[in-house]
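[1] structure for this input, please:
(one chain, ligands or ions: 1)
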Amino acid sequence: MGILLAAGMLVGGLIALEEQAGALENGVARTPPMGWNSWNTFGCNINETLIKQMADAIVNSGLRDLDYKYVVVDDCWFDPARDSAGNLRGNPSRFPSGMKALGDYLHAKGLKFGIYQVPVDKTCAQYFGGYPGATGSQGHEVQDAKQFAAWGVDYLKYDWCSPSGTIDDQVRTFAKMRDALAATGRPIVYSINPNSIHAKTGPQRNWGDVANLWRTTEDITNKWNTGQTNGYPMGIQNIVDVTVPLASYAKPGAFNDPDMMEIGRGGMTDTEMRSHFALWAIMASPLIAGNDLRSMDPATTTILKNQNLIAINQDPLGLQARQVSNDGTRRVLAKKLGNGDVAVALFNQGGSTTTISTTASAIGLAGGSFTLRDAWTNAVSTSTGTISAAVPSHGTVVYRVSGGTSSSPTPTPTGRPDGCTATYRLVNDWGTGFQSEVTVSNNGSTAIDGWTVKLTLAGGQTIASLWNGVNTGTSGTITVKNTAYNATVAANGTTTFGFTANGNGSAAPTGVTCATP
Ligand code: GLA
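    Residues are numbered from 1 along each chain as shown. Next up is the predicted model:
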C-alpha cells in the first residue's frame with residue numbers, strides 16, 4: 001500500500017509538473033491585441049444591443065481599420081445558472097439572440113469576439129455579490145473551452161478573482177484552460193489576470209509559458225496617480241512603475257498587460273491621456289479602449305487614432321521598451337523596432353515642465369546623423385546624437401529615431417566577458433520545487449550580440465521548464481543561451497530568463513557566470 005501510495009504521488013507530481021512545464025504555442029497575438037472592452041465604462045450593465053452599437057462605432061469611427069479588432073464582453077454576460085448538461089449560456093434577457101449570434105455579428109463586421117470568464121467558482125461580479133450565481137469554469141474547463149470555440153470566441157479574458165491559491169496553484173489552474181483552449185483547435189488569445197483580490201502575482205513571474213497576455217497589476221482607474229504600489233485602484237503612473245521592469249518578458253505571442261485604457265473617460269488632463277496612450281504603446285501593451293466609443297470627443301479620437309504610436313506598438317519584433325534612465329522625475333524608455341529604428345519616450349513624472357535628454361548611443365544606435373519624428377506633432381528634426389525635449393508635467397514626448405546604424409542587429413565585437421554579468425534571484429519556493437530568475441546585464445558600452453550563462457545547480461535540483469533562453473542540461477552544471485528575440489542586450493541594458501525546478505530552492509546555484517559568446 002505504501003508503494004502504491006508513493007507511486008500515486010509520483011504520478012500526481014509528474015502530471016502537475018507537466019501541466020506547469022507545458023508551453024503556449026498558439027500562434028496568436030504576434031503583436032499586442034487592440035480592441036475595446038465593456039468593463040471600464042459599463043461594468044455589469046451590458047447587453048447585446050450595447051455591444052453591437054459599440055461594434056458599429058468601432059467600424060464607423062475608423063478604429064477597426066487601424067487594427068482595433070477585439071470586442072471583449074466582460075463580466076455579467078452569462079445566465080446565472082448553467083443548463084442541465086452543465087453548459088454555459090448567455091443571459092437570456094441581456095443576450096436574447098445568444099452568444100453565437102453575437103460572435104457572428106462581430107465577425108461579419110471584420111471584428112473579433114472576446115469574452116470573460118474565471119478559473120474559480122465565481123466571476124468577480126458574482127464574488128462581490130453584484131450578479132447572481134457561481135458559473136466559473138472550475139471543473140468545467142474542457143466543456144467551457146469547447147463552448148467558447150463553438151460560439152466563435154477569439155479572445156478569452158480569464159480572471160482569478162479570489163484571495164485563495166498560491167502562485168503555483170495559479171500556474172497549474174491557468175494552464176488547464178490554456179490546454180483546454182489548445183485542444184479546441186481554434187486560435188484564441190488567452191488573457192489572464194492573476195491579481196484581482198489576490199496577492200499580486202502578475203509581476204512575480206514570466207507568464208508567457210501560460211498565457212498570451214497577463215495583467216501586471218490590480219485594476220486601473222481613470223486617475224493619474226492613486227498612490228498605490230500594486231493595490232486597488234491603480235493610476236497610470238502606478239501601473240507604469242510596476243510594468244516597466246518586466247520589459248524582458250515581452251515577445252510575439254506574450255505581452256505584459258497593464259489593463260484596459262482609460263482614455264476618453266475623464267479624470268485626467270489631455271496631457272495625461274496622451275501620456276497614458278504613448279506609454280501603453282511603447283510598453284507593447286494591448287491597446288484595449290475602455291471608453292464609450294459612440295460618443296468620443298475629438299481629443300479622444302486623436303489619441304486613439306495616433307498612427308505613429310500604433311505602429312510603434314504593433315511593431316513585429318514585439319519588444320517592450322527598456323528603461324534607459326530614470327531619475328525619479330525624468331524617465332527615458334526605448335523600444336527597438338523591426339526596421340532598425342528606435343522609439344524613445346521622454347516621460348516627465350514630475351510636477352512642472354522639464355527638459356529630458358538622452359543620446360542615440362544610449363538607446364542602441366551608433367553613428368553621427370539621426371532623424372527624429374515626433375509621434376504627436378509629426379515634426380521631423382535632425383540630430384548628431386542628442387535626443388531631448390521640454391516635456392510638460394506628466395507628459396510623454398515620443399520620437400521615432402532613424403539613421404545611424406543600429407548597434408543591435410549589427411554584430412558588435414565579442415569576447416568581452418567583462419561587459420556581461422548574471423545575477424540569480426529566487427522568485428518563489430514551495431518546498432518541493434521553486435522558481436528563479438537570472439538577469440543578464442550588459443555593463444559594457446556596446447551592445448552584446450548573444451550571451452551564454454553557466455550555473456551549477458545544487459544537488460537534487462532539476463530544471464522543469466525554462467523560458468527566455470535555451471538550456472543544455474537540467475541538473476548539475478547547465479548552460480543557458482539566449483533565444484533569437486533576446487540575443488541582443490543594449491549597452492547598460494538587461495534581459496532576464498527564468499526557470500522552474502524540482503527540489504528545494506533554499507540552496508542557490510553556484511558559479512553563476514555570464515559570457516558574450
Ligand atoms: C476584475 C478584473 C476587471 C473586470 C472585473 C469584472 O476586477 O480585473 O478587469 O474584468 O473583474 O468583474
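[2] for the residue of the stretch 301-450 of the chain found nearest the ligand, give its distance to Leu287.
    Closest contact between the stretch 301-450 of the chain and the ligand, by C-beta to the nearest ligand atom, is at Leu304 (19.1 Å). For every residue, glycine as well, the C-beta is placed using N, CA and C. From Leu304 across to Leu287, the span is 8 Å (C-beta to C-beta, to the nearest Å).
[3] overlap in contacts, these two.
    Taking C-beta atoms under 8 Å, 6 or more residues apart in numbering as the contact rule, Leu304 and Leu287 both touch 68, 277.
[4] returning to what we had before: quick check: phi and psi at the residue of the stretch 301-450 of the chain closest to the ligand.
    phi -70, psi -20 (degrees, to the nearest 10).
[5] and Asp241, by the same measure?
    Dihedral angles for Asp241 - degrees, to the nearest 10 - are phi -60, psi -40.
[6] next: Ala390.
    The phi/psi pair for Ala390 (degrees, to the nearest 10) is phi -80, psi 120.
[7] how many residues are close by the closest residue to Arg400 other than its chain neighbours?
    Of all residues not flanking Arg400 in the chain, Arg373 sits nearest, at 4.6 Å (C-beta to C-beta, 6 or more residues apart in numbering). By the criterion of other C-beta atoms under 10 Å, Arg373 has 17 neighbours.
[8] please identify which helix or strand holds Arg373.
    strand 365-374 (DSSP states H and E).
[9] so what does that strand touch, helix or strand wise?
    Here strand 365-374 touches strand 380-383, strand 396-406, going by 3 or more C-beta pairs under 8 Å, 6 or more residues apart in numbering; DSSP states H and E.
[10] I'd say Gly110 and Ile58 touch.
    No. Gly110 lies out of contact with Ile58 (C-beta atoms under 8 Å); the separation is 9.5 Å.
[11] intersection of neighbour lists for those two?
    Common neighbours of Gly110 and Ile58 (C-beta under 8 Å, 6+ apart) are Arg64.
[12] neighbour-wise, which of these two wins?
    Neighbour count, other C-beta under 10 Å: between Gly110 and Ile58, Ile58 has more, with 26 against 12.
[13] please name the residues that touch that one.
    35-36, 64, 68, 71, 109, 111, 293.
[14] how about TSV for the residues you listed, with neighbour count added?
    Below are those laid out as TSV (neighbours: other C-beta atoms under 10 Å):
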residue	neighbour count
Gly35	24
Trp36	30
Arg64	20
Tyr68	24
Val71	29
Lys109	16
Leu111	23
Leu293	25
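[15] from the residues you listed, which single one is nearest Trp160?
    Lowest distance from Trp160 to the contacts of Ile58 (C-beta to C-beta) belongs to Gly35, with 21.7 Å.
[16] how about the residues of this structure near the ligand?
    Within the chain, the residues that sit near the ligand (C-beta under 6 Å from any ligand atom) are 39, 74-75, 116, 124-125, 159, 161, 193, 196, 219.
[17] now distance to Asp297 too, for the residues you listed, in JSON lines please.
    Formatted as JSON lines, these follow (distance: C-beta to C-beta, whole Å):
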{"residue": "Trp39", "distance to Asp297": "21"}
{"residue": "Asp74", "distance to Asp297": "23"}
{"residue": "Asp75", "distance to Asp297": "27"}
{"residue": "Tyr116", "distance to Asp297": "28"}
{"residue": "Cys124", "distance to Asp297": "30"}
{"residue": "Ala125", "distance to Asp297": "29"}
{"residue": "Asp159", "distance to Asp297": "30"}
{"residue": "Cys161", "distance to Asp297": "33"}
{"residue": "Asn193", "distance to Asp297": "29"}
{"residue": "Ser196", "distance to Asp297": "31"}
{"residue": "Asp219", "distance to Asp297": "24"}
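[18] give me the buried subset of those.
    39, 74-75, 116, 124-125, 159, 161, 193, 196, 219 (16 or more other C-beta atoms under 10 Å).
[19] which ones among these lie within strands?
    116, 159, 193 (DSSP state E).
[20] my read: Ala507 touches Gln461, true?
    Yes. Using C-beta under 8 Å as the test, Ala507 is close enough to Gln461 to be in contact (7.3 Å).
[21] more neighbours, these two?
    Gln461 (23 against 14).
[22] so who does the more buried one touch?
    So Gln461 contacts 475, 501-505, 507, 509 (C-beta under 8 Å, 6+ apart).
[23] swap the cut-off to 10 Å and go again
    433-434, 436, 474-476, 478, 501-505, 507-509 (C-beta atoms under 10 Å, 6 or more residues apart in numbering).
[24] tell me which of those residues is nearest to Gln237?
    Nearest member of the contacts of Gln461 to Gln237, counting by C-beta to C-beta, is Ser436, at 29.9 Å.
[25] host element of the closest one?
    strand 433-442.
[26] which elements pack onto the helix or strand following that strand?
    Tracing the chain past strand 433-442, the next element assigned as helix or strand by DSSP H and E is strand 448-449. For strand 448-449, the elements it packs on are strand 433-442, strand 488-489, judged by 3 or more C-beta pairs under 10 Å, 6 or more residues apart in numbering; DSSP states H and E.
[27] could I get the residues of the chain next to the ligand as TSV with pLDDT?
    Formatted as TSV, the residues of the chain next to the ligand follow (pLDDT from 0 to 100):
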residue	pLDDT
Trp39	98
Asp74	98
Asp75	98
Tyr116	99
Cys124	98
Ala125	98
Asp159	98
Cys161	97
Asn193	98
Ser196	95
Asp219	98
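[28] pull the helix or strand with minimum mean pLDDT from the protein.
    One helix or strand of the chain scores below all others by mean pLDDT, DSSP states H and E: helix 2-21, with a mean of 44.
[29] which ones are touching Pro203?
    Contacts of Pro203 by C-beta under 10 Å, 6+ apart are 194-195, 214-217, 230, 242-243, 245-246, 249, 256.
[30] farthest pair within these?
    Pro194 and Pro245 (17.1 Å).
[31] contacting residues around the closest residue to the ligand within the stretch 1-150 of the chain?
    Nearest residue of the stretch 1-150 of the chain to the ligand (C-beta to the nearest ligand atom) works out as Cys124 at 3.1 Å. Cys124 is in contact with 39, 44, 74-76, 116, 118, 130-131, 136, 159-162, 193, 196-197, 219, counting by C-beta under 10 Å, 6+ apart.
[32] at 8 Å instead, please
    Contacts of Cys124 by C-beta under 8 Å, 6+ apart are 75, 118, 159, 161, 196-197.
[33] that one and Cys44, how far apart?
    10 Å.
[34] for Arg178, pull up the helix or strand it's in.
    Counting by DSSP H and E, Arg178 is part of helix 167-184.
[35] could you check the angle strand 433-442 makes with that helix?
    Interaxial angle, helix 167-184 versus strand 433-442 (axes from the mean of the first three to the mean of the last three C-alpha atoms, to 10 degrees): 90 degrees.
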